[in-house]
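Undergrad: Okay, here's the prediction I keep looking at, along with the sequence it came from:
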There are 2 protein chains.
Amino acid sequence: MKKNLKTELTEVARKAKIACGSLALLSAAFKNAVLKDMAAALLSKKSVILKANRKDISLAKSKGKAFIDRLSLNALRIKQMADSLLDIAKLKDPVGEVMRAWDTPGGLSIQKVRVPIGVVAIVYESRPNVTADCIGLCFKSGNSVILRGGSQALNSNLAIFNCLKEVMQKHNLAEGAINLIATTNRQAIDYLLKLNDYIDLVIPRGGEELIKKVVSSSSIPVIKHYKGICHVYVDEEADLNMAQNICLNAKLQRPGVCNAMESMLVHRDVAARFLPGMLKKFREAGVEIRGCAFTQKIANSSNLVRRATEKDYRTEYSDLILSVKVVDDLDAAIAHINEYGSHHSDSIVTDNNNSAEKFLKQIDSACVYLNASTRFTDGGQFGMGAEIGISTDKLHARGPMGLEELTTYKYLVYGSGQVRV
Amino acid sequence: MKKNLKTELTEVARKAKIACGSLALLSAAFKNAVLKDMAAALLSKKSVILKANRKDISLAKSKGKAFIDRLSLNALRIKQMADSLLDIAKLKDPVGEVMRAWDTPGGLSIQKVRVPIGVVAIVYESRPNVTADCIGLCFKSGNSVILRGGSQALNSNLAIFNCLKEVMQKHNLAEGAINLIATTNRQAIDYLLKLNDYIDLVIPRGGEELIKKVVSSSSIPVIKHYKGICHVYVDEEADLNMAQNICLNAKLQRPGVCNAMESMLVHRDVAARFLPGMLKKFREAGVEIRGCAFTQKIANSSNLVRRATEKDYRTEYSDLILSVKVVDDLDAAIAHINEYGSHHSDSIVTDNNNSAEKFLKQIDSACVYLNASTRFTDGGQFGMGAEIGISTDKLHARGPMGLEELTTYKYLVYGSGQVRV
């Protein structure tokens, strides 16, 4: 049985590799037509998809409310999935772009050209919309995709996948172009992550546990979309009204996402003026505060502000909880963020240009903000269109990862008989 | 003892991480001045370095001639190391380059800016010049570097390292900026490759064994500089004189390097015209031919052409041996190269534009050539300057990897109080 699963997965990956040769050659116009057909198919198969989703939900009843919410589909969410495919159709096709072209003194003409990566495997958790999004993004960027979703969403994922697969077949696209591993056997991931002869890139999307598991067992390169421990630092020269607006937005606009603020740092010299009003606003919004001794002192009651532990400053709450720390100066803020943060998105609020430049230069994060909420870190807000995730890695792709980041390049060298002397 | 080594390596990596914060801020002019001082220091310490090298050579007497050659330094080679540092000083500093800048409809100003990767570890074998090259390239690109060279070159590497370290100290550069792991304990590599909290990238340079070991035991992202099984395909519409020149050059100009031709493919319809003269030239040059049945038939004597095995077509000889295969058509050539090659450098010789375009598009290699020798794949020939290696990976860097490929990017987002609605 185990052996069969391994053989089966190898065969899936091998076919995906074969398919990507032809995917790389498709024109943008053709790919866009297929994406539009996919969007239409999702809408026309709505009832089938919702029926499959109800099955998943009834099996997951024992899970928490947040889990059920992530898992649940409805007419609006299916419309959003279809719209997302239409948006991908509108994005510029990165494949074939000449990134640079030059001639060598010896008369060679060199072009650095954008090409698909090849086969991308995506390991994700309970959101079924990821299935359609990833198929759309990988197809548009010319990559074969192998999806392995959460077992609780299997029926929903299969219904979405089968609907899109039919469209691929109608257009005579290679069999291995899109793939869903439809088994709940947990060993499937382990097998998949060793198929480095066929799979070029693995993208895990989900909680810390999932990502750690993928990183530790993969022999294929992984781009991590890891936790977001994002900070806002309120400088001594901050506009304190602006700071309050930004902090409220960064924490509350959508507390469960990776670019929400988890930790607020405040310069010692403005703490007494800034914190009381700020903490009051947070309390009114139902946010639990975990602060340093200085924060507790200013809050004037340790009942209202729990003492933050070392661990708090390293925690992504994804919830209505905020850690707060008063720091001595800008250097201390920078050191804290680089040490405790997750290199995702961090913001400084200040009117001092020098402090701003220092922060922007020295913070080692994918996105560093001046006087703005960290909530802007995403492909749509950045104008890149739909994203396959937000990379907290430094290699290949950093920050929002869209179509362009799903490509690599090769050098085409045009000669007329040149040999090396 | 084991514990001490682990603690010691962790401390080296931690200091390297701290140092990269300040390296990232250095100006190009300052870095270039340091590089020039380094070059001068290598020349002035020539006798010390040569003495250390003689010690290594006397300890390595039992090794083969090729090994001793790679290990050996002399006045010319030290001059070349110094020149290489001067060349690096002349290259454009990639750090701080604004790769793209745009404004969002909401009034945010976004800059995508090139920044150093952080800490780069390089694991290499017996060539001592790698020590100076890697220090120069990493320093210029703002990265801290941790070097782990082959144990047979330890005395030479230490002499070079100490010489350059002195220059760094003279300029008050952070202690952790350049590091050499000066132990012959083989476990050092295993420990090093698990320090993913501090090291951002590992680059192995050396033979297949070394690279496999690094890939299998690293929890840090690795960019491989793997074997080069490079092909020249002689098409049915090739200029056969040009083809002969290119094949001779690709095989013979420097047979031991990764971009030399290991396998020659010939279209069936020109095999009878092309092969006899070509094989004669190769024989005169002392090249052993391992061919398919068709090649043997044309050579008219299986004594002269040994039958190639499956394994031959997957072998990087790095020597005066060549595998030859007659193929039915262009598609068969492309399929063979993508299946048996190492995705490094492959060339087609043809006068037919359609065949050329098909080959350039469908060959899945870092560098794909038309009517030119594969020997041009290197940073110097491509006009990128010195290289840290030639990547056969697809992620982050592909092909010659120079200063730019030793950087990543981050997004700087300038706002004026923007919050997300």
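TA: Looks like it came in fine.

Undergrad: which element follows the helix or strand where A:Ile68 lies toward the C-terminus?
TA: Using DSSP states H and E, the element containing A:Ile68 is helix A:65-71. Going down the chain from helix A:65-71, the next helix or strand is helix A:75-90, by DSSP H and E.

Undergrad: List the contacts of that following helix.
TA: Identification of contacts with helix A:75-90 by Cβ atoms under 8 Å, 6 or more residues apart in numbering or on different chains yields A:31-32, A:35-36, A:38-40, A:42-43, A:46, A:49-50, A:129, A:132-133, A:136-137, A:140, A:160, A:385-386, A:403. The way it works is simple: take the backbone N, C-alpha and C, and place the C-beta from them, glycine included.

Undergrad: Quick check: buried residues in it?
TA: Within helix A:75-90, the residues that qualify as buried are A:77-78, A:81-82, A:84-85, A:87-89, counting by 16 or more other Cβ atoms under 10 Å in any protein chain shown.

Undergrad: got the contact list for A:Gly136?
TA: Contacts for A:Gly136 were tallied using Cβ under 8 Å, 6+ apart; they are A:35, A:38, A:84-85, A:88, A:386.

Undergrad: any idea how far the helix holding A:Ile68 is from the chain center?
TA: 19 Å (Cα atoms, centre = their mean, to the nearest Å).

Undergrad: Next, the buried residues of it.
TA: Using 16+ other Cβ under 10 Å as the test for burial, helix A:65-71 gives A:67-68, A:70-71.

Undergrad: what does stretch A:267-282 give?
TA: For stretch A:267-282, the neighbour count (16+ other Cβ under 10 Å) marks A:267, A:270-271, A:274-275, A:278-279, A:281-282 as buried.

Undergrad: what's the single longest helix in chain A?
TA: Taking DSSP state H as the criterion, chain A has its longest helix at helix A:2-23.

Undergrad: What parts of the stretch 301-421 of chain A come near chain B?
TA: Within the stretch 301-421 of chain A, the residues that sit near chain B (Cβ under 8 Å from any Cβ of the partner chain) are A:338, A:360-362, A:364-373, A:375-377, A:381-383, A:393-396, A:398-399, A:408-421.

Undergrad: Buried subset of those residues, written for PyMOL?
TA: The PyMOL selection below is limited to those of those classed as buried (16+ other Cβ under 10 Å):
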select buried, chain A and resi 338+360+361+362+364+365+366+367+368+369+370+371+372+373+375+376+377+381+382+393+394+395+396+398+399+408+409+410+411+412+413+414+415+417+418+419+420
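
Undergrad: Let's see which of the residues of the stretch 301-421 of chain A next to chain B end up in helices.
TA: Reading helices off these with DSSP H, I get A:338, A:360-362, A:381-382.

Undergrad: Tell me the one of those nearest A:Asp351?
TA: Using Cβ to Cβ, A:Leu360 comes nearest to A:Asp351 of these, at 14.5 Å.

Undergrad: what's the distance between the closest one and B:Asp331?
TA: Distance, A:Leu360 to B:Asp331, using Cβ to Cβ, to the nearest Å: 52 Å.

Undergrad: Check A:Ala33 too.
TA: 27 Å.

Undergrad: again, but for A:Ile135
TA: To B:Asp331, A:Ile135 is 29 Å away according to Cβ to Cβ.

Undergrad: now A:Val130
TA: A:Val130 is 37 Å from B:Asp331, by Cβ to Cβ.

Undergrad: and A:Ile348, what is it in contact with?
TA: A:232-233, A:235, A:333, A:355-356, A:359-360, A:368-371.

Undergrad: one more time with 6 Å, if that's ok
TA: Contacts here follow Cβ atoms under 6 Å, 6 or more residues apart in numbering or on different chains; on that basis A:Ile348 touches A:233, A:235, A:359, A:370.

Undergrad: List the single closest residue to the second one in space, sequence neighbours excluded.
TA: Which is A:Asp235. Sequence neighbours aside, A:Thr350 is the residue nearest to A:Asp235 in space, at 3.6 Å (criterion: Cβ to Cβ, 6 or more residues apart in numbering or on different chains).
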